[in-house]
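Just the structure for this:
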Amino acid sequence: MLLPILVALGLGVVIAESYFLVYPRHGYRLPLGFDSSWYVWRARYVASQGIGPLGTSARPGHALLSAILGSVTGRSQLELAVVFPLVLVSVFALALAAFWEGLGNRGTWDWIIPVAVAGALLGTTRLVSENVANLLNLALVIAGFALVARAVAEERLGRLFWGAVVLMVGAGLAHWVFLGVIAGILGVAILLAIPSSIRHHGGGTPVVRTEAGILGSLAIATGGLLLATVAALLKGPLATFEIREDTRRFMPKFREDLRRLVIPLVGPVAGVGAIGWAKGAPDEDGDARTVGRRFSLRLVGAWMLVSLTGIAYGVATRRLPPHRFVALIVAVPLALALSEAALMLRAGADRLFRGRLGRETAARMFGVAAAALGLVILTIPGALGWYHHGPGLWFDEKGLQQAGSAAGYVRSLPAEKPVVFLVDPLGPAGVLSIPLKERTIRVAMPPDRQTDVHVYAGEPRALLAGRRSFVGRDRVDAAALPYWTDVRPLLRAKPPVLILDAFAQDEFATAVNELGAREIGPGVALLQGPSPARTLRQVPLPTPVPGVGGSVLWVAVLLVLLLVAGWGWASVFVPHSPARIRIAVAPAFGAATLMIGSLLTAKSGIRLAGAGGVVTFLTMAAVGLGLAHLLRVRPEEDLVAPQD
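As a prediction, this is how the structure comes out:
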């Protein structure tokens, strides 16, 4: 068992490191991705203050998980924002390997193929270091489907089923909006399963234990638990979009994401893999492996159909971002098809050289070499997509430093004293420029003062007069409206108003040169409010990006922590299975159970920062290991485990 664990960890580190190397190559000094500042300030706030205010009750999964990992490792959220999103790529790739085994008979080490393919291919999408909550959601969903495939093969609602429910609930905490897409996939899969389920029911199988019955039960159990959690425990909204991107950006992003795929290369290879599935698809239900394979193929078909429908709807109406559905296709159906093609290449080369050489060992080595060459070629689209069209650095370094200086002034104010930051509504992010500036400011603010921070987008003269500011662009003015609604009631009390030069250059100059604002620190102007006792010091730029050696260490540490947290739970919910399956889903179980446990901790009033997070981690890991021991799970092969 030790060897598969070491191989899995080694692959995970290699995958994450292949993405991390973009930092030293381009000299990036802060986390990549447009939403990185959002993830950072939320996780800091949740760790210190709990869940609820400032929208933190909406899809809190990532914030909870990152908060608890920060407590256990002692790393800041800025530091985790560099490494943790890359670790999630490895978690997803391992989970996909567990699902891939259900698509056919596999050798002991064939699971390495989908791990390598998925790990590399995600570089063509916006899931890496950008849509981090979405990636976390997908990792848990695909791990859950791997368990469902085995439950369908066994035709019973047992530990596998309830393990899938745990993973799906965790996926919902990470991003319950996208769990709606998964519900659509489940719906289509249920429709496809009805004919075989009717046959099985006619043969004496209870409805709830047929394929359609198990999938329906999964949807009901997950939906019920998640709705209860959101409504009763979190008291959060089902709609969680804080900001909406300019719909005019949908099609350019869609075309860009298609170009990243290098379709002339991956298209034909994926076609070969799909043909292999079609030829190997069983015509009739047979043993457990056949039932599991048929289910897995139907699920992949449902995933593809829903994703293509989403793309078509998005292109036609611009009401949904079609590039998000492209990412869904790349992450699962395309990665699986390419993995199948690589396996076919290995098997074909094996047969070819065995016939010519007459020596099994030599032929097998040639087959492995052929598959390895194919995998190297398949890394090209991901490498090109990541290193030439990656998420980029959206953190404003100068703005983060100035916000850090301004934090000293905010700390000096009485508790619960509102403070307003004036920002220019225009910027490089278009209609998203205001929230991008707000998020960067919040990264630098003390967690216990986050609820006191407000943002006004517009001219300083308008603010002093208590009026809303307009720039004459409908979309920009619409984006500024929620900020005006929030800050308007505060202006009568004349709260302190700060202007950062990095986020409002012209407004800063106007305030200082014409309106008598005082420059109380480097790039920080006080438009109104009490002056600080002394000039604010310049805060040095944080240095969260480790060296290459440090990144290897922290990637390994985070993977080990997730594996340790999830190992007992994987043993409980995936009994009588090969070690490689439990290893593949253990990090996903670690993420899901830590999110659920930390949610209970936070809602009980215990802070996740420091000892609270450490105790929660140890408790969840210990409970899983304890249950596994009490249930005396043995590493036996189950009905759908491949025979080596």
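
got the domain boundaries for the protein?
The record's domain parsing of the chain by automatic domain parsing lists 2-238+256-391+549-630, 398-528.

Those into TSV, with extra columns for mean pLDDT?
Converted to TSV, the domains of the chain look like this (pLDDT from 0 to 100):
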stretch	mean pLDDT
domain 2-238+256-391+549-630	90
domain 398-528	96
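
Look at residue 520 and give its secondary structure.
Following DSSP: H, G, I helix; E, B strand; the rest coil, the label given to residue 520 is strand.

residues in contact with it?
By C-beta atoms under 8 Å, 6 or more residues apart in numbering, residue 520 lies in contact with 409, 526, 531, 532, 535, 536. For glycine as for every other residue, the C-beta is placed from the backbone atoms N, C-alpha and C.

So which of these belong to helices?
When DSSP state H is applied, the contacts of residue 520 are split such that residue 409 fall in helices.

Can you turn the buried subset of the contacts of residue 520 into a selection I can paste into ChimeraX?
Here is the ChimeraX command that selects the buried residues among these (16 or more other C-beta atoms under 10 Å):
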select :409,526,532,536
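
re earlier: any chance of the domains of the chain in CSV, plus distance to residue 541?
Shown next, in CSV, are those (distance: least, C-beta to C-beta, whole Å):
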stretch, distance to residue 541
domain 2-238+256-391+549-630, 7
domain 398-528, 5
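
of those domains, which approaches residue 542 most closely?
domain 2-238+256-391+549-630 (5.5 Å; C-beta to C-beta).

Which positions in stretch 103-114 come out as buried?
Those would be 103, 104, 106, 110, 111, 112, 113, 114, for stretch 103-114 by 16+ other C-beta under 10 Å.

Please apply the same query to stretch 204-212.
Applying 16+ other C-beta under 10 Å to stretch 204-212 flags 205, 209, 210, 211, 212 as buried.

Of the domains of the chain, flag the one that's most buried.
domain 2-238+256-391+549-630 (a mean of 21; mean count of other C-beta atoms under 10 Å).

Could you point out the helix or strand that follows the helix or strand where residue 253 lies?
In the assignment (DSSP states H and E), residue 253 maps to helix 250-260. Next helix or strand after helix 250-260 toward the C-terminus (DSSP H and E): helix 263-280.

Was I right to think residue 210 contacts residue 203?
No: assessed by C-beta atoms under 8 Å, residue 210 is found out of contact with residue 203, at 9.8 Å.

Let me know the next secondary structure element after the helix ranked longest in the chain.
Ranked by number of residues, the top helix in the chain under DSSP H is helix 159-202. Sequence order places helix 211-228 as the next helix or strand after helix 159-202, per DSSP H and E.

Can you work out which other helices and strands pack against that next one?
Helix 211-228 is packed against helix 132-154, helix 159-202, with contacts defined by 3 or more C-beta pairs under 8 Å, 6 or more residues apart in numbering; DSSP states H and E.

contact partners of it?
Residues outside helix 211-228 that contact it (C-beta under 8 Å, 6+ apart): 144, 148, 151-152, 157, 161, 164-165, 168-169, 172-173, 176, 179, 183, 186-187, 189-190, 193-194, 196-197, 200, 206-208, 291, 295.

can we see that at 7 Å?
Defining contact as C-beta atoms under 7 Å, 6 or more residues apart in numbering, one finds that helix 211-228 is touched by 148, 151-152, 157, 161, 164-165, 168-169, 172, 176, 183, 186, 189-190, 193-194, 196-197, 207-208, 295.

Can I get it in PDB, CA atoms only?
C-alpha atoms of helix 211-228 as PDB (Å, rounded to 0.1, in the frame of the first residue of the first chain):
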ATOM      1  CA  GLU A 211     -29.500   2.500 -11.600                       C
ATOM      2  CA  ALA A 212     -32.200   5.100 -12.000                       C
ATOM      3  CA  GLY A 213     -33.300   4.500  -8.400                       C
ATOM      4  CA  ILE A 214     -29.800   5.000  -7.000                       C
ATOM      5  CA  LEU A 215     -29.200   8.200  -9.000                       C
ATOM      6  CA  GLY A 216     -32.600   9.500  -8.000                       C
ATOM      7  CA  SER A 217     -31.900   8.700  -4.400                       C
ATOM      8  CA  LEU A 218     -28.500  10.500  -4.700                       C
ATOM      9  CA  ALA A 219     -30.200  13.600  -6.100                       C
ATOM     10  CA  ILE A 220     -32.800  13.600  -3.300                       C
ATOM     11  CA  ALA A 221     -30.400  13.000  -0.400                       C
ATOM     12  CA  THR A 222     -27.900  15.500  -1.600                       C
ATOM     13  CA  GLY A 223     -30.500  18.100  -2.500                       C
ATOM     14  CA  GLY A 224     -32.300  17.700   0.800                       C
ATOM     15  CA  LEU A 225     -29.200  17.900   3.000                       C
ATOM     16  CA  LEU A 226     -27.800  20.800   1.100                       C
ATOM     17  CA  LEU A 227     -31.000  22.800   1.100                       C
ATOM     18  CA  ALA A 228     -31.300  22.200   4.900                       C
END
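
Measure how far that helix is from the centre of its chain, please.
From the chain centre to the centre of helix 211-228 is a distance of 22 Å (C-alpha atoms, centre = their mean, to the nearest Å).

do stretch 561-574 as well
20 Å.

can you pull out the strands in the chain?
Assigned by DSSP state E, the chain shows strands spanning 419-423, 453-457, 497-500, 518-521, 524-528.

For residue 592, which of those strands is the nearest?
Once these are compared by C-beta to C-beta, strand 453-457 is nearest, at 32.1 Å.

Name the strands paired with that closest one and say parallel or antiparallel.
Take DSSP bridges as the rule and strand 453-457 pairs in its sheet with strand 419-423 (parallel).

Just the CA atoms of the strand it pairs with, as CSV, please.
Below are the C-alpha coordinates for strand 419-423, written out as CSV (Å, rounded to 0.1, in the frame of the first residue of the first chain):
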residue,chain,number,x,y,z
VAL,A,419,-14.7,54.0,6.9
VAL,A,420,-15.2,54.7,3.2
PHE,A,421,-12.6,54.0,0.5
LEU,A,422,-13.2,56.1,-2.6
VAL,A,423,-12.2,54.4,-5.9
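
backbone phi and psi for residue 424, please?
Dihedral pair for residue 424: phi -80, psi 130, per degrees, to the nearest 10.

list the contacts for the residue nearest to it when sequence neighbours are not counted?
If the residues on either side of it in the chain are set aside, residue 424 comes closest to residue 504, at 4.3 Å by C-beta to C-beta, 6 or more residues apart in numbering. Residues in contact with residue 504, defined by C-beta under 7 Å, 6+ apart, are 422, 423, 424.

hmm, 10 Å instead?
Residues in contact with residue 504 (C-beta atoms under 10 Å, 6 or more residues apart in numbering) are 399, 421-427, 437, 456-460, 498, 510-511, 525.

Identify the residues contacting residue 250.
With contact taken as C-beta under 10 Å, 6+ apart, residue 250 is in contact with 314, 315, 317, 318, 319, 320, 321, 322, 323, 324.
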